[in-house]
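> whatever this is, show me its structure:
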Amino acid sequence: MAPTMNLRRLIGLLIAAAPFGVILFSLLSDARLASLSPRGHFLYLGYGFYFLGGILAMLNFYLSFLRHRVHRLLGKPDGTYRFVSGILLFGVLSAIGLMHLPENLYFGIGALIFLIVDTGGIPWLIRATWKDDSLWNPKKFVCDQKQSRDRLSEEKK
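Residues are numbered from 1 along each chain as shown. Model prediction:
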């Protein structure tokens, strides 16, 4: 592997690990943004982000793993099943919301679960693209683009 490719993958891993770091920091420390606002504005924002992120994470999990099974359990033929994509990158809102909430172990564990099951989240994106060299290797990406242009020009002839 080229050094550039390794650096890109390392950066990808660090980005994917960042939400987990926020949650672990939140679980292990007393630092909260909720204590900065005397009126509790951050608290309401935290609850909103936390529950919105949790709902979106669960929706993504349902659409990725459970929806097709429910379709089959209802006795519908596989030919009538239509895949529906989830909402990408918004399940991490639960980790952002956790920073605004008072210290609570259950909220931290919940945010960790939301982050793990959010199939539209950053960790799952890195996992899904890990073997795709066109994303991690810029030379391969340029070659793939050139091959695609050549194929399109041949098809037009």
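
> count the residues that sit near residue 119.
22 (other C-beta atoms under 10 Å). Every residue, glycine included, has its C-beta placed from N, CA and C.

> ok, it touching residue 66?
No - the criterion here is C-beta atoms under 8 Å, and residue 119 misses it with residue 66 at 10.9 Å.

> low-confidence ranges, this structure, go.
Along the chain, segments meeting pLDDT under 70 span 1-5, 30-40, 135-148, 157.

> if we go to 80?
1-6, 8, 26-42, 100, 102-103, 131-157 (pLDDT under 80).

> kindly list the longest helix within it.
Of all segments of type helix in the chain, defined using DSSP state H, the longest is helix 3-28.

> which neighbouring elements make contact with that helix?
Counting contacts by 3 or more C-beta pairs under 8 Å, 6 or more residues apart in numbering; DSSP states H and E, helix 3-28 is packed against helix 93-98, helix 105-117, helix 122-129, helix 133-136.

> make it 10 Å
The helices and strands touching helix 3-28, judged by 3 or more C-beta pairs under 10 Å, 6 or more residues apart in numbering; DSSP states H and E, are helix 93-98, helix 105-117, helix 122-129, helix 133-136, helix 138-156.

> closest one to residue 60 among these?
helix 105-117 (7.6 Å; C-beta to C-beta).

> centre-most residue in the protein?
Centre of the chain computed as the mean C-alpha position; nearest residue by C-alpha atoms, centre = their mean is residue 121, 0.4 Å away.

> now, of the helices and strands packed on helix 3-28, which is deepest in the fold?
Stretch with highest mean neighbour count among those: helix 93-98 (a mean of 24; mean count of other C-beta atoms under 10 Å).

> CA atoms of that helix as CSV?
What follows is helix 93-98, C-alpha atoms only, in CSV (Å, rounded to 0.1, in the frame of the first residue of the first chain):
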residue,chain,number,x,y,z
LEU,A,93,-26.6,14.0,16.5
SER,A,94,-27.1,11.8,19.6
ALA,A,95,-23.4,12.2,20.5
ILE,A,96,-23.6,15.9,19.9
GLY,A,97,-26.7,16.1,22.1
LEU,A,98,-25.0,14.1,24.8
